[in-house]
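**Student:** I would like to see how this sequence folds:
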Amino acid sequence: MKNTVKTRDFKGTQKVLPKKENGNLCILGGQMAGVNKQDIPLEARFMTEFWDMVKKFWIPEDADEYWKGLSDYANRLYEKYPTDFCKGQIVAYAKYLNEKYQKLKKE
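**Tutor:** Coordinates of the predicted model:
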């Protein structure tokens, strides 16, 4: 069953669902398909390191070292976890920090 994946729906009922061509799960019959960390190992390992990045850079600073550190950390993280999901999370967090910094500058 190469083109299927075992998962559980939101009620915990086990399901066997087809994979899309790009390897992501389909949503069938209005129920969301869930995954286990074994199904998405890179993304699962990424989340722990991404959380470390969130904590480390949570408060934006008006210093070149801060922004260079964020950029370097983000690039290393993406090199280690080069998936679209990981890239999206990294980019969204960097954008969030920039917006937060701009807001703090105005205050």
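
**Student:** the longest helix seen in the chain packs against which elements?
**Tutor:** Counting residues, the longest helix found in the chain (DSSP state H) is helix 84-106. The helices and strands touching helix 84-106, judged by 3 or more Cβ pairs under 8 Å, 6 or more residues apart in numbering; DSSP states H and E, are helix 41-56, helix 64-80. C-beta: built from backbone N, CA, C; applies to glycine.

**Student:** so where's the chain uncertain?
**Tutor:** The chain contains residues with pLDDT under 70 at 1-33.

**Student:** please parse it into its domains.
**Tutor:** What automatic domain parsing lists as the domains of the chain is 1-39, 41-106.

**Student:** for the longest one, measure first residue to last.
**Tutor:** The straight-line separation of the ends of domain 41-106 (Cα to Cα, to the nearest Å) is 41 Å.

**Student:** also stretch 49-63?
**Tutor:** With Cα to Cα as the measure, stretch 49-63 spans 23 Å from end to end.
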